[in-house]
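[1] pasting the sequence and the predicted model now:
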Amino acid sequence: MRAVCVSNDPKVLADHQRGRAAKFESEPLTVGKTYVVLGMSIWGTSSNFSRS
């Protein structure tokens, strides 16, 4: 599966999602770039993707 990055600005996340996102380290994503998805999970009301 592939996913396209549509935003990489944590300021647009809801308050309850912003703190959760800070727990994970990742390389910066490029808006508009397609990434291969290695795994996906749904945590509460947000989808989380693991990429290569």
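    That came through, no problem.
[2] give me the distance between the two termini of stretch 13-33.
    20 Å (CA to CA, to the nearest Å).
[3] which residues in this structure form helices?
    15-21 (DSSP state H).
[4] so who does Gly32 touch?
    Gly32 sits next to 4-5 when contact means CB atoms under 8 Å, 6 or more residues apart in numbering. Heads up, the C-betas are built off the backbone N, CA and C, glycines and all.
[5] list the beta-bridge partners for Asn39.
    No, residue 39 isn't Asn; it's Gly. Counting by DSSP bridges, Gly39 is bridged to Ser50.
[6] model confidence for it, exactly?
    As predicted, Gly39 sits at a pLDDT of 75.
[7] what do you get for the one 5 residues further on?
    Reading off the per-residue confidence, Gly44 sits at a pLDDT of 71.
[8] same question, the one 5 residues further on
    Phe49 carries a pLDDT score of 66 in this model.
[9] do Val36 as well
    88.
[10] what is the burial count for it?
    Using other CB atoms under 10 Å, Val36 is surrounded by 11 other residues.
[11] how much space separates it from Ala3?
    Distance, Val36 to Ala3, using CB to CB, to the nearest Å: 8 Å.
[12] can you name the residues that contact Ala14?
    Per CB under 8 Å, 6+ apart, neighbours of Ala14: none.
[13] residue boundaries of the strands in this protein?
    Under the criterion DSSP state E, the chain contains strands at 2-4, 34-43, 46-51.
[14] now the shortest one: buried residues?
    It stands for strand 2-4. Within strand 2-4, no residue is scored as buried using 16 or more other CB atoms under 10 Å.
[15] for the record, mean pLDDT for it?
    Strand 2-4 shows a mean pLDDT of 88.
[16] just checking: what are the partner strands of it?
    Strand 2-4 is paired, per DSSP bridges, with strand 34-43 (antiparallel).
[17] tell me the buried residues in the partner strand?
    For strand 34-43, a neighbour-count test (16+ other CB under 10 Å) marks Tyr35 as buried.
[18] beta partners for Tyr35?
    Here Tyr35, judged by DSSP bridges, has bridge partners Ala3.
[19] do I have it right that it meets Leu29?
    Yes: with contacts counted by CB atoms under 8 Å, Tyr35 reaches Leu29, the gap being 7.1 Å.
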